[in-house]
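Trainee: turn this into a structure:
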Amino acid sequence: TFCDDYIELVKDRANDFDGSHEPAAVRSARATLAIAVDTFVRLLAPFLPFATEEVWSWYRSGSVHRAAWPQSVGLREASAGADAELVARAGAALAALRKVKSEAKTSQKTPILSVTLAVAADRPEYAEAIEAVRADLTEAAKVTGPFTVEQATQAVDSESADGAASVAVAAAELGEAPAKPAKKK
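Mentor: Down below sits the predicted model:
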């Protein structure tokens, strides 16, 4: 879920290619990604020794196998006050948006011209999470027009990680898929 959800949600903000993001938001995304990668590399080192050593060498000196084991205390302090479920809830919305494109058999880069997400009536925390990450979700899903979140009037068919219905796309209009790059000869 870290790659499928979190990285997809923040990569545009972290890269800030067009300079449209607040500097503090860019720093936040970059810092979180750096902490996560550093932690994952150390945790995976015993299982993927050569790959993690190579990744470690890209941004650190010495060996990952001599680095201190990550401590949860430092990670808890870094994330104090954060909503631990936010990424999972935002991920449910991102998955619903991806599903529309998959079912249409189109590229995930295809813009969504307009979309309405339906959130289960008994899951208001999902609507709150979607609003909290609206800008990142809009960029990740390539939503270019109206993006509405509403309470579902009937059962939602998308499943969240705990098996309870959570978020589904009630209506969506897809744009034209981007042209595929020409193959090099």
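
Trainee: what helices and strands are in contact with the worst-scoring helix or strand of the chain on mean pLDDT?
Mentor: Within the chain, confidence by mean pLDDT, DSSP states H and E is lowest for helix 72-78 among all helices and strands, at a mean of 73. Identification of packing neighbours for helix 72-78 by 3 or more C-beta pairs under 8 Å, 6 or more residues apart in numbering; DSSP states H and E yields helix 23-44. Where C-beta positions appear, they are placed from N, C-alpha and C, glycine not excepted.

Trainee: was I right about A14 contacting R27?
Mentor: No - under the criterion of C-beta atoms under 8 Å, A14 lies out of contact with R27, with a separation of 9.4 Å.

Trainee: buried ones in the helix or strand following the least confident helix or strand of the chain, by neighbour count?
Mentor: Next helix or strand after helix 72-78 toward the C-terminus (DSSP states H and E): helix 86-103. Within helix 86-103, the residues that count as buried by 16 or more other C-beta atoms under 10 Å are 86-98, 100-101.

Trainee: measure A135 to S166 for me?
Mentor: A135 is 21 Å from S166, where distance means C-beta to C-beta, to the nearest Å.

Trainee: just want to know which of those two has more residues nearby.
Mentor: Shown here are A135 and S166; by other C-beta atoms under 10 Å, S166 has more neighbours (27 against 15).

Trainee: looking only at neighbour counts, state which of A14 and R27 leads.
Mentor: Between A14 and R27, counting by other C-beta under 10 Å, A14 is the more crowded of the two (20 against 13).

Trainee: and that one, backbone torsions?
Mentor: For A14, the backbone dihedrals are phi -70, psi -40 (criterion: degrees, to the nearest 10).

Trainee: quick one: low-confidence ranges for the protein?
Mentor: The model of the chain has pLDDT under 70 over residues 78-81, 154-165.

Trainee: from the chain's centre, how far out does stretch 22-32 sit?
Mentor: In terms of C-alpha atoms, centre = their mean, to the nearest Å, the centre of stretch 22-32 is set 15 Å apart from its chain centre.

Trainee: same question for stretch 29-39.
Mentor: With C-alpha atoms, centre = their mean, you get 14 Å for stretch 29-39.

Trainee: stretch 69-78 now?
Mentor: On C-alpha atoms, centre = their mean, the centre of stretch 69-78 falls 22 Å from that of its chain.
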